[in-house]
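>>> return atomic coordinates for the entry below.
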Amino acid sequence: MSETARWLSDYGDSHRDVAYPAVYWPSVVLLVPGTAGMLWSLPIPREFAEISPFLNWGSAFLMASLVYYFVISLPLAIGMLPFMLATAALGVLMTQANVSVAGMSLGMVVVAIAGIYFGHHTSGGVRAVLRDVQLLMIGPIWLLSRLYKRLGIAF
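Prediction:
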């Protein structure tokens, strides 16, 4: 079994009994931009700013995640590009709109974790929520892999 198949299988096995999928799955997806935004709002070294105004801990997190996706599966990485770009664009928009990136991102994380807990409350509770946070970047790619399977796209 490939590393990709193992990660996706492990994630899928622990998510067979989600109580409220209409709440749970959007929450899994919302956790990524919330986390990226929290990282986006952290202070950066002066060297980062000298390289690019868009280089920060959040964009570095997104780039590292995308590199990981390309390592495990080229088709899944390509499919994740629009989501990752939209997440980065959200960070840029929040920064340019002069809103509290940390506050908005914290709100997204709180809503996402509440939705994940609500979705898991009958099958694992807090332990399942902590596992989902641990597998933060596997959830969205698992959803994409399910879509690929339905569409007959090999990954």
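>>> make it CA atoms for all contacts and neighbour counts henceforth
Will do.
>>> what ranges of this structure fall below the confidence cut-off?
1, 14, 121-125 (pLDDT under 70).
>>> could you pull out the helices for it?
In the chain, helices defined by DSSP state H lie at 3-13, 21-40, 46-51, 57-72, 74-96, 101-120, 125-134, 138-151, listed in chain order.
>>> got TSV for these, with mean neighbour count too?
Putting those into TSV (neighbours: other CA atoms under 10 Å) gives the following:
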stretch	mean neighbour count
helix 3-13	14
helix 21-40	21
helix 46-51	10
helix 57-72	17
helix 74-96	16
helix 101-120	21
helix 125-134	16
helix 138-151	16
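>>> which residues touch the most centrally placed residue in the chain?
In the chain, the C-alpha nearest the mean C-alpha coordinate belongs to residue 32, at 2.9 Å (CA atoms, centre = their mean). Residue 32 is in contact with 87, 136, 137, counting by CA atoms under 8 Å, 6 or more residues apart in numbering.
>>> export these to TSV and tack on distance to residue 53?
Putting those into TSV (distance: CA to CA, whole Å) gives the following:
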residue	distance to residue 53
87	16
136	26
137	25
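>>> which of the residues you listed lies closest to residue 102?
Within the contacts of residue 32, distances to residue 102 taken as CA to CA reach their minimum at residue 87, with 14.4 Å.
>>> gap between residue 126 and residue 120?
Distance check for residue 126 against residue 120: by CA to CA, to the nearest Å, it reads 8 Å.
>>> pretty sure residue 80 sits against residue 142.
No. Under the criterion of CA atoms under 8 Å, residue 80 is not in contact with residue 142, lying 10.7 Å apart.
>>> tell me, what's touching these two both at once?
Contact criterion CA under 8 Å, 6+ apart; residues shared by residue 80 and residue 142: none found.
>>> what's the burial count for residue 99?
Residue 99 is flanked by 11 other residues according to other CA atoms under 10 Å.
>>> i'd like the first residue to be 336 from this point on
Okay, using 336 as the starting number, the last item reads as residue 434.
>>> give me the phi and psi for it.
Note on residue 434: backbone dihedrals following degrees, to the nearest 10 are phi -100, psi 170.
>>> distance of it relative to residue 441?
Using CA to CA, one obtains 13 Å as the distance from residue 434 to residue 441.
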